[in-house]
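Engineer: what's the 3D shape of this:
(one chain, ligands or ions: 1)
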Amino acid sequence: MPSKPVVTRIAPSPTGAMHIGNARAALFNWLYARHEGGKFLLRIEDTDRERSTADSVQVIFDSLEWLGLQWDGEPVFQHARADLHRAAVDRMLAWGSAVPCDGTAERSRGAPEQAKDEGHALRSPWRDQTAGHNQVGQPHVIRFRTPDDGETVIEDLVRGTVRFPNKDLEDFVLLRTDGAPIYNLAVTVDDHDMGVTHVARGEEHLSNAARQTLMYHALGWTPPTFAHLPLILGKDGAKLSKRHGAQSVGEFRQMGYLPETVRNYLAKLGWGHGDDEIFSDAQAIAWFDLNDVTKAPARLDWDKLNHFNNHYIRQADDERLTGLVLDALDTRDVRLPADARARLLAAIPLVKEGAKTILELADLCLFALKTRPLALDEKGLSQLTDETRARLSRLRDALENQGDWTPQPLEAALKQFAAAEGVGMGKFGPALRSVLSGGAPAPDLAGALTILGRSESLGRLDDALSQVR
Ligand code: GLU
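Structural biologist: The predicted model follows:
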């Protein structure tokens with residue numbers, strides 16, 4: 001018999017930014033579905049009406065799209081399925097695995113203490129009454145009636161066999177007094193209805209898996225295969241927090257990380273393929289298996305992330321990088337020349353090797369975007385002694401007659417000039433650099449000249465040389 005096609009899902013709650021842990025869960029579910037030739041679904045868990053917002057739904061769409069994790073079919077909105085969640089509760093009520101339970105504090109008084117004395121989790125005082133809703137009184141919640149004894153066992157792909165004694169699982173709430181479904185109920189009904197076969201999510205949901213498994217059994221359904229992913233910690237071993245820098249997909253994007261970097265790096269948080277560091281999506285898809293996810297917490301190492309990003313920046317198409325740098329500069333107070341795009345296209349191939357992020361790449365391009373005449377800083381001005389001015393003036397004439405305006409010939413021309421002057425490059429290099437860059441970071445001199453082009457380079461030299469001290 002052919003086995004059931006794999007269906008995975010990511011089920012974020014739209015209550016703010018998309019956390020990097022959720023992005024890693026999305027990636028693993030996506031990789032596994034693609035590896036198995038199955039489907040990767042998206043469900044928006046907007047059951048909590050107070051905390052869910054339309055903006056946060058958009059953040060989820062944008063984050064997944066930016067990460068390149070395309071889901072299959074239409075997203076499912078959990079809130080719209082509340083009637084189906086309630087219908088499942090009606091079945092559990094009819095079959096005796098759910099009980100109406102007085103929601104008022106007064107009627108429930110003593111229940112937690114009694115549970116503690118008897119050595120089990122909270123039990124509804126109404127769990128053994130056969131009475132219908134009406135006799136319980138209003139308002140009331142509906143609770144799951146957890147079996148008295150025995151255990152609920154989860155065969156987790158990451159954590160192995162995990163046993164939960166049923167006495168430790170409370171009679172958990174399914175529907176609130178206003179009839180609103182609670183998270184665990186909604187997840188169970190939705191995963192079943194969506195045909196989800198594999199649930200990979202953060203390990204904080206492990207005990208929910210026990211409650212969900214109880215409901216699957218009560219409803220006569222087969223639970224999915226669970227894989228609870230290890231925590232993501234900071235490099236110092238502490239839980240990832242603001243102190244460690246970015247935590248959300250949006251923040252990584254704003255800080256200038258490329259989506260392929262984040263995909264590759266996140267894939268290595270809890271999973272890996274031997275010692276392979278940099279790998280393509282196709283390789284990750286070919287290699288990925290939920291069975292290979294590790295139990296040990298993963299650590300986010302910024303140095304490594306930067307190393308990955310530098311790799312992907314070097315690989316990236318220059319047109320694309322130009323667009324990203326323009327976007328990054330858009331958020332800064334930088335006045336751009338009309339030909340900014342062309343200048344960036346000239347600069348990026350020569351400077352990108354030194355950039356760990358798009359923001360750094362933007363910084364490395366700033367010198368090329370300056371408009372003449374450049375303001376020289378104190379240091380630049382002090383370098384322009386009479387002797388150096390005279391020398392730069394002779395260099396200017398030499399450069400005017402320079403044939404090939406590319407890095408190597410320019411490098412050779414500078415060396416030749418130094419030799420002809422009988423001085424080392426140190427005698428005029430720093431001043432030339434200041435004149436060309438206006439004090440901003442710039443690549444080596446030949447690189448800077450190449451990026452600026454002949455007329456801009458000569459123009460910047462002319463401006464500086466004619467500047468009155
Ligand atoms: N909405 C839950 C979360 O964002 C999803 C948990 C699950 O995947 O079942 O953590």
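Engineer: Check which residues of the one helix or strand V187 maps to are buried.
Structural biologist: Here V187 sits within helix 183-193, counting by DSSP states H and E. For helix 183-193, the neighbour count (16 or more other Cβ atoms under 10 Å) marks 183-192 as buried. For every residue, glycine as well, the C-beta is placed using N, CA and C.
Engineer: touching the ligand at all, the next helix or strand after that helix?
Structural biologist: Later in the chain than helix 183-193, the nearest helix or strand by DSSP H and E is strand 198-202. Yes. With Cβ under 6 Å from any ligand atom as the criterion, the ligand is reached by strand 198-202 at R201.
Engineer: same deal with stretch 280-290?
Structural biologist: No. Stretch 280-290 lies apart from the ligand when judged by Cβ under 6 Å from any ligand atom; the minimum separation is 13.9 Å.
Engineer: Touching that stretch from outside, list them.
Structural biologist: 28, 31-32, 34-35, 68, 157-158, 198, 200, 225, 227, 260, 263-264, 267, 271, 273, 276, 279 (Cβ atoms under 8 Å, 6 or more residues apart in numbering).
Engineer: helix or strand for H85, which one?
Structural biologist: Assigned by DSSP H and E, H85 falls within helix 82-94.
Engineer: Report the backbone C-alpha coordinates of that helix in CSV.
Structural biologist: Below are the C-alpha coordinates for helix 82-94, written out as CSV (Å, rounded to 0.1, in the frame of the first residue of the first chain):
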residue,chain,number,x,y,z
ALA,A,82,-14.6,27.9,15.1
ASP,A,83,-17.9,26.1,14.2
LEU,A,84,-16.0,23.0,13.2
HIS,A,85,-14.0,23.1,16.4
ARG,A,86,-17.3,23.3,18.4
ALA,A,87,-18.7,20.4,16.3
ALA,A,88,-15.8,18.3,17.4
VAL,A,89,-16.5,19.2,21.0
ASP,A,90,-20.2,18.2,20.6
ARG,A,91,-18.9,14.8,19.5
MET,A,92,-16.6,14.5,22.5
LEU,A,93,-19.5,15.5,24.8
ALA,A,94,-21.7,12.8,23.2
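Engineer: So what touches it?
Structural biologist: 47, 98-100, 142, 144, 174-175, 179-181, 185-186, 188-190, 193, 215, 218-219.
Engineer: I'd like the distance from stretch 13-25 to the chain centre, please.
Structural biologist: Distance of stretch 13-25 from the chain centroid (Cα atoms, centre = their mean, to the nearest Å) equals 8 Å.
Engineer: And it, what's buried?
Structural biologist: 13-14, 17-25.
Engineer: before we move on, what about stretch 3-16?
Structural biologist: Using 16+ other Cβ under 10 Å as the burial criterion, the residues of stretch 3-16 that qualify are 6-14.
Engineer: Next, format the residues you listed as JSON lines and append distance to the ligand.
Structural biologist: Shown next, in JSON lines, are the buried residues of stretch 3-16 (distance: Cβ to the nearest ligand atom, whole Å):
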{"residue": "V6", "distance to the ligand": "16"}
{"residue": "V7", "distance to the ligand": "14"}
{"residue": "T8", "distance to the ligand": "10"}
{"residue": "R9", "distance to the ligand": "7"}
{"residue": "I10", "distance to the ligand": "7"}
{"residue": "A11", "distance to the ligand": "4"}
{"residue": "P12", "distance to the ligand": "5"}
{"residue": "S13", "distance to the ligand": "4"}
{"residue": "P14", "distance to the ligand": "9"}
